[in-house]
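# Can you look at this prediction? I've put the sequence above it.
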Amino acid sequence: MTVYEPPVSIYGPVQDWATDFDHADPEYNRNAHRIWAELRGTCPVAHSDRYGGTWLPVTHETVREIAYDTENFTSRAVVVSTVVPEDPAPIGGAPPITSDPPFHHDARRLLLPPFSPKKIAEWEGEVRILCRALLDRMEAKIAAGERVDAAIDYAQHIPVNVISRMLGFPLEDDDLFRQFVHDILESINGDPEERIRSFERIDAYLLAQIEDHRANPRDDLTSYLMDVEMYGEKLPDNMVGGVILLLLVAGIDTTWSAIGSSIWHLATHDDDRRRLVADASLMTTAIEEFLRAYAPVTMARLVAQDHDFHGCPMKKDEWVLLPFPAANLDPSEFPDADRVLIDRQENRHAAFGLGIHRCLGSNLARLELRVAVEEFIARFPEFVIDGSDDDVVWSVGQIRGPRQLPVRVHRS
Amino acid sequence: MRIQVDAEKCQGHNRCYALAPELFDVDDYGNAVVIGDGTVSPELIERAKLAVANCPEFAITLSE
């Protein structure tokens, strides 16, 4: 059972959220909704000198504009950190998320079919079995008088298990995969040398898995990627590794965060939880509303060339954060944006991004989120936070969700 | 009334297919296509409007 320590920052605590923000400061994700609301009213595109210069747009309009502008903003690096990857555009190190047009389109076409809605729907039964097994273990802990945690005992296990099986990776390596995710997405403002070493460890693991699949091909995504052709040739190993890295990293703590945030909401809003337990027909709108209000993923871009953006002098190779969750909370786009309405009918949220980089795994994420919430409230109709909100620990960095979520279950 | 999907704008969010499977299908890549010629029967007008209102890419239009 892994509980992450916040990384040691080379920058120190944030002094001012408009001019010195740092999304890896533990205060950022914990207070994200308040910070975005304040910035939206005073400084809709904030700037920080950290990470070599980083911009933070917080309105739906500016986030959308950057997401659609692949000329002025490149995706070749999408995780803001002290290390700017050297992989050049248009391919980047983990295609297609790090790719720009026109390469992006062709790389993405290879991956869309296995993640299409109909292919992903076939996984529902297995996801449900997995959730029920995790809930059985939670019940056993409760019966033994132990405390339970909805993030550690439940949410964090669901997406890692599914993506490991899709890739044909050892299920028992799940702690290692969560460590990879932590290294890549949370340890972003620490020692750059250590970050580079962690990437080398991950590359070595992935290449070993590729070798294992070369010796023992099987019916999984890894063998598929090693076999598929692009422009008449098989993909080089380093590209297969890059794609796998994307699927592994993007497929784990994003959905884990969405599940955790949704359960956090239900633990802290008795009325919504009881309504959802009583009326399953609300599940579809509730899930979309959780995705809007607690969208886990902030993407990033690098400025491709010096240009002026709404009066902001953006310089080549500065970072730009794309906080889709902040866009989803913009009152100019959503009525009652700061209220969670589980029966919201019109909900054009951008939780899975906008434009050509729409989350490739969105159908899988939505399936896992829905089944995880359905099964959790079916097993535990009554639950609250065990302790106070201070006992909930939020992630740091671009993926926002609870990493510790102690819950107390009321038994009837 | 008829619905249309702009294939250039659709990015495969899959909201329309989830909300109105009577009106939309998805292809092997997960992108939306209208079923038949897109004619919307009166009892499905509200569903069609919901699909329009929930598309993050503004890719769906409903017209006379």
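In hand now; what should we look at? Numbers count the residues shown, from 1 in each chain, chains lettered A, B, ... in the order given.
# so which strand or helix has the residue in the stretch 201-350 of chain A positioned nearest to chain B?
Taking Cβ to the nearest Cβ as the measure, the point where the stretch 201-350 of chain A comes nearest chain B is A:E346, at 4.2 Å. Where C-beta positions appear, they are placed from N, C-alpha and C, glycine not excepted. Take DSSP states H and E as the rule and A:E346 turns out to sit in neither a helix nor a strand.
# Rounded mean pLDDT for stretch A:15-34, please.
When the per-residue pLDDT values of stretch A:15-34 are averaged, the result is 93.
# if we can go back for a sec, okay, now the residue of the stretch 201-350 of chain A closest to chain B: neighbour count?
12 (other Cβ atoms under 10 Å in any protein chain shown).
# Near A:A208, how many residues? Count them for me, please.
A:A208, neighbours per other Cβ under 10 Å, totals 10.
# Tell me the predicted confidence for it.
Reported pLDDT for A:A208: 96.
# roughly how far apart are the spatially closest residue to A:P402 that is not a sequence neighbour and A:I158?
Spatial nearest neighbour of A:P402, chain neighbours left out: A:G260 (4.2 Å); criterion: Cβ to Cβ, 6 or more residues apart in numbering or on different chains. Separation of A:G260 from A:I158 (Cβ to Cβ, to the nearest Å): 10 Å.
# With neighbour numbers in mind, choose between those two.
Between A:G260 and A:I158, counted using other Cβ under 10 Å, A:G260 has the larger neighbour count: 30 against 22.
# can I assume that one is in contact with A:I399?
No: taking Cβ atoms under 8 Å as the contact criterion, A:G260 and A:I399 are not neighbours in contact, 10.8 Å apart.
# Ends of stretch A:270-284, what's the gap?
Between the opening and closing residues of stretch A:270-284 there is a gap of 19 Å (Cα to Cα, to the nearest Å).
# Please disregard the earlier target; I meant stretch A:45-63.
Across its full length, stretch A:45-63 reaches 10 Å between end residues, using Cα to Cα.
# Kindly report the same for stretch B:49-62.
Start to finish, the residues bounding stretch B:49-62 are 7 Å apart (Cα to Cα).
# Also stretch B:19-39?
Between the opening and closing residues of stretch B:19-39 we find a distance of 17 Å, counting by Cα to Cα.
# which residues in chain B form strands?
B:2-5, B:24-26, B:32-34, B:60-63 (DSSP state E).
# now for those, which one comes closest to chain A?
Go through the strands of chain B one by one with Cβ to the nearest Cβ and the one that ends up closest to chain A is strand B:24-26, at 5.3 Å.
# Remind me what the closest one packs against, helices and strands.
Under the contact definition 3 or more Cβ pairs under 8 Å, 6 or more residues apart in numbering or on different chains; DSSP states H and E, strand B:24-26 sits against helix B:15-19, strand B:32-34.
# name the helices or strands packed onto the longest one?
In this case it means helix B:15-19. For helix B:15-19, the contact count by 3+ Cβ pairs under 8 Å, 6+ apart identifies helix A:283-293, strand B:24-26, helix B:45-54 as packing neighbours.
# Much appreciated, bye for now.
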